[in-house]
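Participant: this one's sequence-less:
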């Protein structure tokens, strides 16, 4: 027991048990207070939540909807476009799109107007329309969509993200090969909708489903909750795999541009096709454009001329006239046809040939491109038969290629033809066609008489690569018997042989079957324009077992205008490189034919005066060494102006680049050098003071020997305002 303490005696210290009991009592009291406080805080918080829930759901739900819940458009990621080997031609990449919340800017102590002006400056947009849209109660205002990575970095450095400025990922179309196949692909607008080309024709398949969904956003603009997936993956568009071969497409575009610029033409287009399947391996147009920035291109540059532009084909139509006549039995392959020695009276008009011919077989008529002979063959076939033959080959109707804005050309019904109309239609005047029609029709000759539907899309697949739709080659009809097609093919090889109009289309190691065409363009005021032409060459190679049909059309060339001279070399360069890319070996007998054609071409060039541009002493000093197969000798261009030099080099099968203006003072390679056919010669031009040497040089150079190179020449007038070529 404790001792009882007396008054004045010091109390004893508390024992350990007493201290422990006191601490336990204090702890119990503290816990009670903490529990009470926590309960009070939870009650207050719960009351606040309940009050807020009451305000949102019952009292003023529209305020909440306006502030946090928005309806957004879920745009599916657009499907990709590939070439036949899987190379990417068009892809979609995710880029930042920036928007502002004016109220959030104010709540974060920022001036909305100043913030938008700063944002507009780095994004290079006009701030005034944005400020005007912010004056209302809107909580969501787009600033700029699908910005570049550099612009995104600049915005992040402003320090506004999460304070009323937010970004959302959106897909943007990108064409990694720039101008390659731009007319085939087309492009998209700012909303991701296809505008031209395949982007327009297959817009629905490429875009996939686009829906508007309701989503809840946080203060930073991020999606907190949505009843549907909003990353775009669930609605991925379909992919397109094309028949195009990117390498052949690049070859076609490069050589077409070279050909157009060499003759100072207005435009040009090329179609490369597999004749057995109708697959388009390349479709090129010049001038061209960059689909990544289509707004900077003139609409004429974006036009797919190969399917939209119609032109009078000229002598290439003789192929189909003769094929139709042979198939109908109207003429025989060995039949001699009187060509009237170059002039024939018809219904008060006169039809002329470039040269005077007596009697020619159908094959010789093709080789020499006789208008009189073809007109007589057309007459033997009859108006109805000629019209039916053209329709059988697909002229006057669309080919139904999967590209927008295709035109059907013009082929008037035979009942509306006069006698002279039937004659001129037989050799390609008074009718108009498209390049795709021409390539498809020549493909029917190459493949044994079957008219194929041209293909540009091979298959459609989903995001996982599963094939949704496989497109197969389609035979539309048998145009002529296979035996007739083979006969026409053999006839067409003479066109590129010695003395033929398409000699410059002949290739080393391969037999080429083809046909030239030179047509005077119609004048808007009536009749035909005096100096406006369409130059064409269409053919297939190797002639024995065709792998490629190549159709070249050059619009309004200036330097030259004959189809064999202007379009023939473009055909040769495209076909040669494309066959090399495909690994097609030379055809049997091709080497011998190419050597004969090459020698004839060189002799003709000398006769035309190309070699005469060299001084006699310099000619004598040159070694008498003939170039090897596939090589040519560089002519001496010293003193010639740009125009005369271009003509000389074009005849020699060479390309050209210029520096300066005036007369040629330097050239690389040097005169007499042996180079590969198609090589580029660089010229340095200078202008003496007070003299226009280019004009003087052009006056000194001999006028062109039209028709002396074996190509088609002009025909005499039927009527004063109209001339047939």
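Facilitator: Arrived safely. Every value quoted in this text rests on a predicted model; they were computed, and no experiment measured them. Numbers count the residues shown, from 1 in each chain.
Participant: Poorly predicted segments of the protein, please.
Facilitator: 1-12, 56-57, 59-75, 136-137, 209-235, 587-630, 643, 647, 661-662, 687-725 (pLDDT under 70).
Participant: Give me the domain ranges for it.
Facilitator: Domain assignment for the chain, taken from automatic domain parsing, gives 75-206, 252-288+308-608+704-719, 612-703.
Participant: most packed of those?
Facilitator: domain 252-288+308-608+704-719 (a mean of 21; mean count of other CB atoms under 10 Å). (C-beta placed from N, C-alpha, C; glycine too.)
Participant: Provide a list of residues in contact with residue 309.
Facilitator: Listed by CB atoms under 8 Å, 6 or more residues apart in numbering, the contact set of residue 309 reads 269, 303, 407, 434, 435, 555.
Participant: Look up the closest residue to the fifth one, ignoring the ones flanking it.
Facilitator: Counting by CB to CB, 6 or more residues apart in numbering, residue 435 lies nearest to residue 306, which is 4.2 Å off, once chain neighbours are set aside.
Participant: same check, this time on residue 537
Facilitator: Leaving aside its chain neighbours, residue 537 sits nearest to residue 567 (3.8 Å; criterion: CB to CB, 6+ apart).
Participant: Surely that neighbour and residue 550 touch.
Facilitator: No: taking CB atoms under 8 Å as the definition, residue 567 is not a contact partner of residue 550, at 9.8 Å.
Participant: Would you mind putting the domains of the chain into JSON lines with distance to residue 22 alongside?
Facilitator: Shown next, in JSON lines, are the domains of the chain (distance: least, CB to CB, whole Å):
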{"stretch": "domain 75-206", "distance to residue 22": "52"}
{"stretch": "domain 252-288+308-608+704-719", "distance to residue 22": "74"}
{"stretch": "domain 612-703", "distance to residue 22": "105"}
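Participant: Correct me if wrong: residue 414 contacts residue 391.
Facilitator: No: using CB under 8 Å, residue 414 makes no contact with residue 391, being 9.7 Å away.
Participant: Name the SS class of residue 518, please.
Facilitator: Three-state assignment for residue 518 (DSSP: H, G, I helix; E, B strand; the rest coil): strand.
Participant: Any idea what it is bridged to?
Facilitator: residue 535 (DSSP bridges).
Participant: Could you pull up the residues touching residue 541?
Facilitator: Residue 541 is in contact with 507, 510, 511, 512, 513, 547, 548, 550, 575, 579, counting by CB under 8 Å, 6+ apart.
Participant: So which of those belong to helices?
Facilitator: Of the positions in the contacts of residue 541, 575, 579 sit in helices, assigned by DSSP state H.
Participant: What is the nearest of the contacts of residue 541 to residue 79?
Facilitator: Using CB to CB, residue 548 is the member of those that lies nearest residue 79, at 29.3 Å.
Participant: Check the gap between that closest one and residue 271 for me.
Facilitator: Between residue 548 and residue 271 the distance is 10 Å, computed by CB to CB, to the nearest Å.
Participant: Could you double-check that residue 448 sits in contact with residue 484?
Facilitator: No: with contacts counted by CB under 8 Å, residue 448 stays clear of residue 484, the gap being 9.5 Å.
Participant: thinking again about what came up before, ok, the contacts of residue 541 vs residue 639, which is closest?
Facilitator: residue 507 (33.1 Å).
Participant: ok so, going back, tell me which two of the contacts of residue 309 sit farthest apart.
Facilitator: Pairwise distances among the contacts of residue 309 were taken by CB to CB; the largest, 15.1 Å, belongs to 407 and 555.
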